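**Q** the sequence isn't on hand, but the structure is:
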């Protein structure tokens, strides 16, 4: 689905170009600046994400928000009612997320929980926090023994490509309206459990991700955030 995403965006932009061009030439009447036109900046990306991303519930919540705001702009109901409906939509989506993830708690999730409890209490874990800011940390020939990562309206990047691993380790990550990027070497496995409402973890590593002498157990929590695991810098 990742390969489909640029195609959908490309077709969308081409369609907008055709509509603008045809309107300018008088072939048909098209005016993007209708009441509530700005909601398209919420609706279109959310609709595309709904088609291309694994995490559907968050995209559905934002799509619902855009539609509700569009209806309010069209005077179907007031903005006061719209905001109440939006809050209700997100409460329902968050509830569904909790129920859905709880119902499909896999063997992998249970393994991660167990390892986080066992390993996390034994070793010291570095702390990396970004609140309304950014935080980058690179391990160069230094032993990695675990980390607590927090991103709140900010971004955290942890580069472990040249870190030394002598045992299995734990990463606890919490993001709220923020993002966390974790870059790992190809010689390390990553097993993860996501507890992020309206967000999630994406694994962008290439090749065989099951290989590796040591394992990082990643436990994530938060809301309106995302974590990306990759093996190369952007």
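**A** Yep, that arrived. Since we're looking at a predicted model, the values are computed, not measured.
**Q** neighbours around residue 162, how many?
**A** 13 (other Cβ atoms under 10 Å). No exception for glycine: its C-beta is placed from N, CA and C like everyone else's.
**Q** does it touch residue 139 like I think?
**A** Yes: using Cβ atoms under 8 Å, residue 162 makes contact with residue 139 at a distance of 6.3 Å.
**Q** burial count for the closest residue to residue 133 other than its chain neighbours?
**A** Spatially, and ignoring its direct neighbours in sequence, residue 133 is nearest to residue 154 (4.8 Å; Cβ to Cβ, 6 or more residues apart in numbering). Using other Cβ under 10 Å, residue 154 has 19 neighbouring residues.
**Q** report the separation between residue 154 and residue 134.
**A** 6 Å (Cβ to Cβ, to the nearest Å).
**Q** repeat that for residue 46.
**A** Counting by Cβ to Cβ - residue 46 and residue 134 are separated by 25 Å.
**Q** the more surrounded of the two?
**A** In this view residue 46 and residue 134 are compared by other Cβ under 10 Å, and residue 46 has more residues nearby, 21 against 12.
**Q** right, and the helix or strand after the helix or strand harbouring that one?
**A** Assigned by DSSP states H and E, residue 46 falls within helix 40-52. Tracing the chain past helix 40-52, the next element assigned as helix or strand by DSSP H and E is helix 56-73.
**Q** quick one: mean pLDDT over stretch 15-25.
**A** Mean per-residue pLDDT for stretch 15-25: 77.
**Q** and the residue nearest to residue 133, its phi and psi?
**A** The phi/psi pair for residue 154 (degrees, to the nearest 10) reads phi -160, psi -170.
**Q** roughly how far apart are it and residue 179?
**A** In terms of Cβ to Cβ, residue 154 sits 8 Å off from residue 179.
**Q** packing partners of the top helix by length along the chain?
**A** When the chain is parsed with DSSP state H, its longest helix is helix 79-103. Where contact means 3 or more Cβ pairs under 8 Å, 6 or more residues apart in numbering; DSSP states H and E, helix 79-103 is packed against helix 56-73, strand 188-197.
**Q** now do the domain split for the chain, please.
**A** 33-103, 107-230 (automatic domain parsing).
**Q** for this protein, give me the ranges with low pLDDT.
**A** 1-5, 8-9, 30-32, 52-57, 97-113, 115, 120-123, 197-198, 207-210, 234 (pLDDT under 70).
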